[in-house]
Structures are given as C-alpha cells and as structure tokens.
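K.L.:
Sequence plus predicted model, see below.
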Amino acid sequence: MITCVVEYTIDAAKIDAFERFAERWMTLVEEHGGTHHGYFLPAEGASDRAMALFSFPGLAAYERYRELFGRHPDFIEADRIRDDSGCVLRYERTFMRPLLPRRD
C-alpha cells in the first residue's frame, strides 16, 4: 500500500470552496480504486493549512488514477472548483507507506 499525503496552503476566507473541492476529490479517489482517509481542515492555530491522506494498493494503481488528471471530465470539473475559487494557494504531495499497529 502507498499513501499520498497532500499538504495544502489554503485561502482561509474560501474554506467553503475548499470543502466542496475536498468532497469531490474524496469521491473520485474512492471511485477510481483508492481509499480516502479524509481531509483535515484548520480548527485552531494557523488557519491556512489543510491536509489530505489517501491510499492505493500500490504505485501502479496510483499511476492509473493519475492518468485521468486533465483528461477525465469529472477530474477536470473537480479541479475547476479549486481553480475558479482560488481556495488553494499551494500544495505539496508526499508518498508514504503506513506502519500500522500489530493486531496479535
């Protein structure tokens, strides 16, 4: 399994648009073979940071999902929410592998 961690710098005044963007991407990840672990939004302290975590069975499955970016109409529509609203100022993507608790 590979987990993608996306760290966002967002426009806090546009949190509603960011939530619409996030909800759409959670659905798309699930529809295209991944497991979305949710978006984590500002609650206290710095108000311009958000994070998303989602997993795919492996890098090949993630790459198949990524091939749809800019080509599949649902992916284009989801990105349009971000682009038209300006809710995302910047983001950084990192891949991690989970180390989960043992269940003996």
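P.N.:
That came through fine.
K.L.:
can you list contacts of stretch 21-36?
P.N.:
Outside stretch 21-36, the residues that touch it by C-beta atoms under 8 Å, 6 or more residues apart in numbering are 38-39, 41, 50, 52-57, 61-62, 64-65, 68, 74-75, 77-78, 81-82, 85, 87-88. Using the backbone N, CA and C atoms, a C-beta is placed for each residue, glycine as well.
K.L.:
Rounded mean pLDDT for stretch 38-48, please.
P.N.:
Confidence for stretch 38-48, expressed as mean pLDDT, is 87.
K.L.:
Quick check: end-to-end length of it?
P.N.:
Terminal residues of stretch 38-48 lie 17 Å apart, using C-alpha to C-alpha, to the nearest Å.
K.L.:
If you count neighbours, what's buried in it?
P.N.:
For stretch 38-48, the buried set under the neighbour-count rule, 16 or more other C-beta atoms under 10 Å, comprises 39, 41.
K.L.:
any residues touching it, and which ones?
P.N.:
9-12, 15, 18-19, 22, 26, 49-53, 89.
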